[in-house]
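**Student:** what follows is a predicted structure for the sequence shown.
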Amino acid sequence: MTISNHSLADKAAEAAARATPERLVGRVRALSDRAIAWLFIAPTIVLLLAINIFPLFWAIYLSFTNYRANRPNAEVKHVGLGNYSRVLNDPDIWASMQTTAHFVFWTIVLQTVIGFTLAYLIDRKFRGHAFWTTLILIPMMLSPAVVGNFWRFLYEPQIGLFAYAISFLTGIPTSEIQMLGSVNLAPWAIIIVDTWMWTPYVMLICLAGLRSIPDYIYEAAEVDRASNWRQFWSITVPMALPFIMLAVLFRGIENFKMFDMVNLLTGGGPGSTTEVASITLKRDAFEAWATGRSSAFAIVLFVAVFGLANIYVKALNRVKQR
Amino acid sequence: MTDPTLTPQGNAAQDLAPSRRRPLLLRRAPMEAIAVTVIALGFLMLFQPFALVLYTYSLVTLLVGTFMFMIVSKFPE
């Protein structure tokens, strides 16, 4: 059966070779290995340029113009650094940056602490740890749209399970637990949802770090009669640190761009208490239709994230070298 | 005749030679540290809640730090 399959394939290859025009065969034979390699890579590079690089340069170009996407036929004028000047002197945009910083800081702190703790516990390899790992990983497999919608129901003051649980534990009436309607609680409502959803991701990366620590190091530490506390701070934390930093980098960059969850849960409200930078950007681009200005704002965010990535990569390399 | 670079003393001399010759501005480690400090400063300026003027100049600071990092990270060790 295998032999007949091979002979069939050989016949098909021979037929394809015969069907190829002589001129084309000659041209392909004249190509070097390097040229053929480039020929194979070219479609990917073209796609990458079209999807990633071109929009970036287009946004940079638009950030220096007064272009408005709702008036495509209007004359486009170059405004120099005017858009950047407006973005960097606007108190509302400045406020949205502070909201973003608050959100990013607390989500990273909570996700790292809880994620590492969970990873440390799962790494103990107790009975049923594989089942619990799978269960913990479920939130990060869900779509942010689904998570946003069902947490809205959970946060409902009258019918929500979250409000009921808080009321049961604290005695506060459910009608007073307005997680999404309160100026003080709304930012924390988003932080809780993001932490719930993305802590498993941090846990997974930390778990990879913990599993990569060889057992003989702990055995040597036990021979030296090092306490568990000492082993944790002198072996576990330093050796898992590159992985923790990687998780912090990934979550930091993702949370700076956070849009879907905030848009679904609060839409930036109440007032502008949860208006993170991406929500302000969307309002500027698709409600005020100030495409040029919003492009300038997007470039400011891009530069910030790019700078942050540089710092983390350097820190990561330093930790790896130790 | 023994090659001096093959001896331990020769290696040590070779390791020390570039840092002795190169001025501070062309050394990778200190310049990278300066670039990272500038980026961190720009980042803090962008997200701080204290002064609008710091926020205004944050982009310039970030750009200077980032371009500096991109350049100095190509310097030899």
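**Tutor:** Ah, there it is.
**Student:** any idea which residue of chain B lies closest to chain A?
**Tutor:** With C-beta to the nearest C-beta as the measure, B:Phe47 is the residue of chain B nearest to chain A, at 3.7 Å. Where C-beta positions appear, they are placed from N, C-alpha and C, glycine not excepted.
**Student:** pLDDT score for the residue of the stretch 201-322 of chain A found nearest chain B?
**Tutor:** Closest to chain B within the stretch 201-322 of chain A is A:Gly307: 4.2 Å, counting by C-beta to the nearest C-beta. Among the per-residue scores, A:Gly307 shows a pLDDT of 88.
**Student:** same check, this time on A:Val319
**Tutor:** A:Val319 carries a pLDDT value of 66.
**Student:** if we can go back for a sec, helix, strand, or coil at the closest residue to the residue of chain B closest to chain A other than its chain neighbours?
**Tutor:** Once flanking residues are discounted, B:Phe47 sits nearest to A:Ala101: 3.7 Å by C-beta to C-beta, 6 or more residues apart in numbering or on different chains. Under the three-state scheme (DSSP: H, G, I helix; E, B strand; the rest coil), A:Ala101 adopts helix.
**Student:** about what we covered before: any idea which element the residue of the stretch 201-322 of chain A closest to chain B lies in?
**Tutor:** helix A:291-321 (DSSP states H and E).
**Student:** what's that helix packed up against?
**Tutor:** helix A:54-62, helix A:82-87, helix A:237-256, helix A:277-286, helix B:28-47, helix B:58-72 (3 or more C-beta pairs under 8 Å, 6 or more residues apart in numbering or on different chains; DSSP states H and E).
**Student:** what residue in chain A comes nearest to chain B?
**Tutor:** With C-beta to the nearest C-beta as the measure, A:Ala101 is the residue of chain A nearest to chain B, at 3.7 Å.
**Student:** among the helices and strands packed on helix A:291-321, which is nearest A:Val76?
**Tutor:** Nearest to A:Val76, of all these, is helix A:54-62, at 8.7 Å by C-beta to C-beta.
**Student:** ok, the residue of chain A closest to chain B - how many residues close by?
**Tutor:** A:Ala101 has 19 neighbouring residues, counting by other C-beta atoms under 10 Å in any protein chain shown.
**Student:** just checking, it touches B:Met45?
**Tutor:** No - in this structure, A:Ala101 is not within contact of B:Met45 by C-beta atoms under 8 Å, at 11.4 Å.
**Student:** related to what we said a few turns ago, state the pLDDT value of the residue nearest to B:Phe47.
**Tutor:** Value listed for A:Ala101 in the pLDDT field: 92.
**Student:** for A:Thr170, see how far away it is.
**Tutor:** 29 Å (C-beta to C-beta, to the nearest Å).
**Student:** kindly report the same for A:Gly252.
**Tutor:** Distance from A:Gly252 to A:Thr170, by C-beta to C-beta: 33 Å.
**Student:** with A:Leu210 instead?
**Tutor:** Using C-beta to C-beta, A:Leu210 is found at 36 Å from A:Thr170.
**Student:** neighbour-wise, which of these two wins?
**Tutor:** More neighbours surround A:Leu210 than the other of A:Leu210 and A:Thr170, with 17 against 9 (other C-beta under 10 Å).
**Student:** counting neighbours, what do you get for the residue of the stretch 201-322 of chain A closest to chain B?
**Tutor:** A:Gly307: 24 surrounding residues under other C-beta under 10 Å.
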